[in-house]
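Asker: Just to be clear, the model below is a prediction. Sequence and coordinates:
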Amino acid sequence: MALALGLVGASLSLAASGAPRPQPPAGPGDGERAAAPPAVNLPPGVTAGIAVYDRQRGEFTEQHDADRQFRSASVVKLLLALDVLDDLGPGEKVPAADRARLEAMLTSSDDRQASHYWARRGGSQIIQRMVTRLGLTGTAPPPAGYPGYWGYTALTAADTVRVYRHILDDASRAVRDLIMDSLHQATRCAADGYDQGFGIASAFEHPRAVKQGWSGFRSGGCTADTPVTPDAAARAADAPSRSGGAGRAAAEAGGVDLVREALHTTGTVGADDRAIVAVFTLHPNGTSYGTAYSRLTRLASSLNVPGAQRPPGDWYGTWGSGVRVRADATTASAIVTKLPAGVDVLVTCQQRGKRIEVPPYSSEWWAYLPQYGGYLTNVYVDTPHERLPGVPECG
């Protein structure tokens, strides 16, 4: 339908067009050489730093402002994990308590674990150690005045590629396996209730690994309508200041924007972690999480990522907040998740189910969303049709 209403009733916002999103051509085969990528086409007002590195060929296939500094948000958890694991001696096993903390920090982006290590391992000294050990050129600790805000660490797309190359090619097997196994198993719902399935996680099929970052948004769908209130040390990753005072002053002094909404997707794509992808983005103040989520996913999907496979199906916009995805095509079935308001969703088929009436709209058809493993009534899909044209019935 052209308009939709959240199942829990909330303010409305029109989403992107329901027309299927054009898919970019597949990357070059093993016997071909990558063509020069076109200029990145960013939405108005979006700032991005991008780097895509082909480990098989030892070359970049995409670079756009790769040395621009961004506040890292939760991407800095890669450095926290490496700092902890660097203490291991040859053949030494990761202590059980640390393994549990690190897996939670990397798999579900648990801020409590990041704050634990930040407080106990010297805060900004962690970043300084990692800059020296990994030869990072655009990474810096949080600015003066924000010593406990680990998410204000400055990071670049180019340095993020260096971090992943260290993990994959230089780190011990124990370190590599713990970090990469966790990232390959990243959960859709983060520990704070945000949906972290954007960017790499939506644009590409498995195998893939992700470490995401978000900062400045008020709600991210998934298991909660609003994020869990973070403690002071974690606040930079989840709820940084939106005011124009100290945050803007720090941004001007250090060259790192601490104000605009930030959303980042990093990780690897393809067999044997062939491609390393790092995309950092800033969005205009007031941008909703669902809008930034969809923009970043479209941007990631447009990149030349060797070894990537893009998922089949058609992309449609949704709108409203608190919109629920169900285990079956009826409101009596279990809730799988809540969508970020206005997010794009991938649809592979549709089936008849319980008729939903949201006057003046009505539909008995439900769209199957493979990336969520559930159904969304077509009333909440941004299309004027009760049944999505050209989308097959589920078998």
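Answerer: Yes, it's here.
Asker: C-alpha only now, for contacts and for neighbours.
Answerer: Fine.
Asker: quick check, Gln212 in a strand?
Answerer: Yes. Looking at Gln212 with DSSP: H, G, I helix; E, B strand; the rest coil, it is inside a strand.
Asker: so where does the residue nearest to it when sequence neighbours are not counted fall, helix or strand?
Answerer: Spatially, and ignoring its direct neighbours in sequence, Gln212 is nearest to Thr265 (4.7 Å; C-alpha to C-alpha, 6 or more residues apart in numbering). In the assignment (DSSP states H and E), Thr265 maps to strand 261-269.
Asker: by contact count, what packs against that strand?
Answerer: Using 3 or more C-alpha pairs under 8 Å, 6 or more residues apart in numbering; DSSP states H and E as the contact test, the elements touching strand 261-269 are helix 200-203, strand 208-215, strand 275-283, helix 289-302.
Asker: Among the ones you listed, which comes closest to Ala158?
Answerer: Nearest to Ala158, of all the helices and strands packed on strand 261-269, is strand 275-283, at 7.8 Å by C-alpha to C-alpha.
Asker: Parallel or antiparallel, list what pairs with that closest one.
Answerer: Applying DSSP bridges, strand 275-283 is found paired with strand 47-54 (antiparallel), strand 261-269 (antiparallel).
Asker: between the helices and strands packed on strand 261-269, which one is nearest to Leu42?
Answerer: With C-alpha to C-alpha as the criterion, Leu42 lies closest to helix 289-302 of the helices and strands packed on strand 261-269, at 7.4 Å.
Asker: I would like the residues contacting the closest one, please.
Answerer: Residues from elsewhere that reach helix 289-302 (C-alpha atoms under 8 Å, 6 or more residues apart in numbering): 15, 23-24, 41-43, 198-200, 202-204, 217-220, 263-265, 279, 281, 283, 310, 340-344.
Asker: what residues are up against Thr47?
Answerer: Here Thr47 is in contact with Thr281, Leu282, His283 (criterion: C-alpha under 8 Å, 6+ apart).
Asker: Correct me if wrong: Asn304 contacts Asp54.
Answerer: No. Judged on C-alpha atoms under 8 Å, Asn304 makes no contact with Asp54 at a distance of 9.8 Å.
Asker: how about the strands in the protein?
Answerer: Here the chain has its strands, by DSSP state E, at 47-54, 59-64, 70-71, 154-155, 208-215, 261-269, 275-283, 314-317, 324-326, 335-338, 344-347, 349-358, 361-369, 374-377.
Asker: Just want the angle from the fifth one to strand 275-283.
Answerer: Compare the direction of strand 208-215 with that of strand 275-283 by axes from the mean of the first three to the mean of the last three C-alpha atoms, to 10 degrees and you get 20 degrees.
Asker: State the distance from the residue lying closest to Tyr375 once chain neighbours are set aside to Arg326.
Answerer: Counting by C-alpha to C-alpha, 6+ apart, Tyr375 lies nearest to Tyr368, which is 4.5 Å off, once chain neighbours are set aside. With the distance defined as C-alpha to C-alpha, to the nearest Å, Tyr368 ends up 9 Å from Arg326.
Asker: tell me, what's touching the two both at once?
Answerer: The contact lists of Tyr368 and Arg326 share Gly374, Tyr375, Leu376, where a contact means C-alpha under 8 Å, 6+ apart.
Asker: And those residues, which is closest to Gln351?
Answerer: Nearest member of the shared contacts of Tyr368 and Arg326 to Gln351, counting by C-alpha to C-alpha, is Tyr375, at 8.9 Å.
Asker: Dump the strands paired with strand 275-283 to CSV, plus mean pLDDT and distance to Leu134.
Answerer: Shown next, in CSV, are the strands paired with strand 275-283 (pLDDT from 0 to 100; distance: least, C-alpha to C-alpha, whole Å):
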stretch, mean pLDDT, distance to Leu134
strand 47-54, 98, 17
strand 261-269, 98, 17
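Asker: Could you look over those strands and pick the most buried one?
Answerer: Highest mean neighbour count of the strands paired with strand 275-283: strand 261-269, a mean of 28 (counted as mean count of other C-alpha atoms under 10 Å).
Asker: For His184, which non-adjacent residue is spatially closest?
Answerer: Leaving aside its sequence neighbours, His184 sits nearest to Ala209 (C-alpha to C-alpha, 6+ apart; 4.0 Å).
Asker: Next one, pLDDT for that neighbour please.
Answerer: Looking at Ala209, its pLDDT stands at 98.
Asker: Now for it: which residues touch it?
Answerer: Contacts for Ala209 (C-alpha under 8 Å, 6+ apart) come out as Met180, Leu183, His184, Gln185, Ala186, Ala201, Gly267, Thr268, Val269, Asp273.
Asker: same deal with Thr331?
Answerer: By C-alpha under 8 Å, 6+ apart, Thr331 lies in contact with Lys354.
Asker: Neighbour count for Tyr368 and Arg326, which is higher?
Answerer: With neighbours defined as other C-alpha atoms under 10 Å, Tyr368 and Arg326 compare such that Tyr368 has more, 27 against 24.
Asker: Can you find the helix or strand of the protein with the lowest average pLDDT?
Answerer: Across the helices and strands of the chain, mean confidence by mean pLDDT, DSSP states H and E is lowest for helix 235-238: a mean of 36.
Asker: For Glu393, give the beta-bridge partners.
Answerer: Gln350.
Asker: Do I have it right that it meets Trp365?
Answerer: No. Counting by C-alpha under 8 Å, Glu393 stays clear of Trp365, with 9.4 Å between them.
Asker: what touches both of the two?
Answerer: Counting by C-alpha under 8 Å, 6+ apart, the residues touching both Glu393 and Trp365 are Gln350, Gln351.
Asker: residue ranges with poor pLDDT in the stretch 51-200 of the chain?
Answerer: Low-confidence segments of the stretch 51-200 of the chain (pLDDT under 70): none present.
Asker: Show me the helices in it, by range?
Answerer: Assigned by DSSP state H, counting those that start in this stretch, the helices in the stretch 51-200 of the chain fall at 77-85, 96-107, 111-120, 124-134, 157-165, 173-184, 200-203.
Asker: who touches the fifth one?
Answerer: To tie it back to what came earlier, the one meant is helix 157-165. With C-alpha under 8 Å, 6+ apart, helix 157-165 has contacts from 49-53, 66-68, 78-79, 134, 136-139, 266-267, 276-280.
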